[in-house]
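[1] just need the structure, nothing else, for what follows:
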Amino acid sequence: RTPLWWAVAHQPEVASRLLDDTRIAVNIMDGQGSSYLHLAVQTSNNSLVNKLLARYDIDPNLEDESGRTALSYAKENGDISIWCCLLG
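    Residues are numbered from 1 along each chain as shown. So this is what the prediction gives:
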């Protein structure tokens with residue numbers, strides 16, 4: 001996992017600053033196939049979800065090993081605000 005991965009999970013304000021750098025690849029997946037967007041949704045971090053979705057290079061439809069997308073996790077968690085963000 002990358003420093004950005006750690007920041008998304010534990011220091012969202014640092015992650016937000018890192019995401020300002022458009023050279024950062026945002027569709028990197030970990031060993032379980034989870035992306036930064038998956039993690040931001042799983043931790044219910046609305047601001048990071050929005051920041052990631054604002055990136056031109058984000059793929060919100062990436063599936064993890066179990067076939068779940070970020071939208072799947074938002075729905076499973078009952079997180080309506082994130083679910084609405086993901087639906088656009």
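[2] how close does A7 get to N61?
    Using Cβ to Cβ, to the nearest Å, one gets 23 Å for the distance from A7 to N61. Heads up, the C-betas are built off the backbone N, CA and C, glycines and all.
[3] got it, and S81?
    If you go by Cβ to Cβ, the gap between S81 and N61 works out to 20 Å.
[4] likewise Q32?
    Distance of Q32 to N61, given as Cβ to Cβ: 17 Å.
[5] setting the sequence-adjacent residues aside, check what's closest to L18.
    L4 (5.2 Å; Cβ to Cβ, 6 or more residues apart in numbering).
[6] quickly find the element holding the one you found.
    helix 3-10 (DSSP states H and E).
[7] quick one: average pLDDT of that helix?
    Averaged across helix 3-10, pLDDT comes to 92.
[8] what sits closest to the spatially most central residue of the chain if chain neighbours are left out?
    In the chain, the C-alpha nearest the mean C-alpha coordinate belongs to L37, at 1.2 Å (Cα atoms, centre = their mean). What sits nearest to L37 in space, not counting adjacent residues and going by Cβ to Cβ, 6+ apart, is A70, at 4.5 Å.
[9] just to revisit the earlier point, the helix holding L4 - contacts with which helices or strands?
    helix 12-18, helix 36-42 (3 or more Cβ pairs under 8 Å, 6 or more residues apart in numbering; DSSP states H and E).
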